[in-house]
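Peer 1: Give me the fold of what follows.
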Amino acid sequence: MLVTLEDYGFCPKGEGGPFVADGKLGPGGSLPTNTGGGQLSGYYMWAFTPLSEAVVQVRGQGGARQVPRNDHVMVSGNGGILHFHSTMTLNRYPST
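Peer 2: Okay, here's the model as predicted:
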């Protein structure tokens, strides 16, 4: 997770730990993050469960786990032993 935040430019390389030390990734934090998968948590449908949670969040249907800022949601994951990586962004606004 820390390396991914660094690679996406949320913080400089090597500063992932200090970047998240204030709790910003937790519920109510400034950058709430679902760190499921990657051996940090467990999922039944590997890769699809994070995507389905992103859809729930962008629709505003997350109930008690709903984040307040859901206008843009990013989902990322990897496959194999870090051989493949994919990222998807969702937003709640219709295409024009």
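Peer 1: Mind naming the longest helix for this structure?
Peer 2: Secondary structure of the chain per DSSP state H: the longest helix is helix 48-59.
Peer 1: mean confidence for that one?
Peer 2: In this model, helix 48-59 carries a mean pLDDT of 84.
Peer 1: what helices or strands is that helix leaning on?
Peer 2: Here helix 48-59 touches strand 72-79, strand 84-91, going by 3 or more C-beta pairs under 8 Å, 6 or more residues apart in numbering; DSSP states H and E. In short, each C-beta sits where N, CA and C put it, glycine included.
Peer 1: Now do the lowest-mean-pLDDT helix or strand in the chain and strand 84-91, the angle between them.
Peer 2: Across the helices and strands of the chain, mean pLDDT, DSSP states H and E gives its lowest value to strand 72-79, namely a mean of 81. Here the directions of strand 72-79 and strand 84-91 differ by 170 degrees (axes from the mean of the first three to the mean of the last three C-alpha atoms, to 10 degrees).
Peer 1: residue ranges with poor pLDDT in the chain?
Peer 2: Counting by pLDDT under 70, the chain contains low-confidence ranges at 35-47, 79-82, 96.
Peer 1: Okay, domains of it per the record?
Peer 2: Using automatic domain parsing, the domains assigned to the chain come out as 1-33, 36-96.
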